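In: coordinates only, sequence not included:
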């Protein structure tokens with residue numbers, strides 16, 4: 001489900017049983033919050049404080065509140081309606097930003113899907129987590145140049161993942177000495 005442009009894919013599948021169904025929301029309007037700081041009544045304010053106030057009729061959804069980290073996401077209401085209409089109370093929202101890569105050393109993790117680039121930086125613990133719109137190679141390169149101003153590329157292994165990991169790997173392999181696909 002794309003929360004930004006609001007296409008809902010995958011709802012035509014058969015969902016039998018009563019088990020929860022994970023619905024992955026792809027949206028640049030996503031942030032992570034430590035479980036201890038998350039409050040559903042303040043989710044809207046959290047997004048606004050992070051520079052992502054709700055637009056128009058957008059609604060806020062969040063991931064599992066029992067996990068160590070909770071994703072807070074702004075989503076178009078029609079996408080939520082279609083999802084809940086099909087799945088009811090079984091819906092469990094998630095996002096690629098919740099993925100925890102295998103990181104034995106300092107790692108920059110990039111997940112590229114659609115027009116979105118998910119970025120996570122680890123050095124002992126999570127240092128940065130963000131999603132940016134990146135419709136062109138220049139956007140990716142600009143984001144990584146900006147990232148390099150905060151985190152020295154030579155100190156990090158770059159891990160690329162997602163439906164477009166191979167082109168991303170080819171684009172970045174000359175710029176990063178330590179790079180791998182997940």
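Out: Sure thing, it's come through. Keep in mind the model is a prediction, meaning the values are calculated, not measured.
In: from here on, contacts and neighbour counts on C-alpha atoms
Out: Fine.
In: Could you tell me how many residues sit around residue 131?
Out: 21 (other Cα atoms under 10 Å).
In: Assumed it was part of a strand.
Out: Yes. Inclusion of residue 131 in a strand is indicated when DSSP: H, G, I helix; E, B strand; the rest coil is applied.
In: Verify the contact between it and residue 32 for me.
Out: No. Residue 131 is not in contact with residue 32 according to Cα atoms under 8 Å; the separation is 10.4 Å.
In: Now do the shared contacts for the two.
Out: residue 97 (Cα atoms under 8 Å, 6 or more residues apart in numbering).
In: pLDDT below threshold where in the protein?
Out: For the chain, the stretches flagged by pLDDT under 70 are 1-15.
In: can you tell me which helix in this structure is longest?
Out: Assignment by DSSP state H gives helix 137-150 as the longest helix of the chain.
In: What helices and strands are in contact with that one?
Out: Here helix 137-150 touches no other helix or strand, going by 3 or more Cα pairs under 8 Å, 6 or more residues apart in numbering; DSSP states H and E.
In: Quick check: phi and psi at residue 103.
Out: As for residue 103, its main-chain torsions (degrees, to the nearest 10) stand at phi -140, psi 90.
In: what does residue 68 give?
Out: Torsion angles, degrees, to the nearest 10, at residue 68: phi -60, psi -30.
In: For residue 173, see how far away it is.
Out: 33 Å (Cα to Cα, to the nearest Å).
In: Name the residue in the two with the higher neighbour count.
Out: Neighbour count, other Cα under 10 Å: between residue 68 and residue 173, residue 173 has more, with 13 against 10.
In: who's in contact with that one?
Out: residue 179.
In: next structured bit after the helix or strand hosting residue 167?
Out: Using DSSP states H and E, residue 167 sits within helix 165-172. Going down the chain from helix 165-172, the next helix or strand is strand 179-181, by DSSP H and E.
In: can I assume residue 61 is in contact with residue 70?
Out: No. The pair residue 61 / residue 70 is not scored as a contact, 10.2 Å apart, by Cα under 8 Å.
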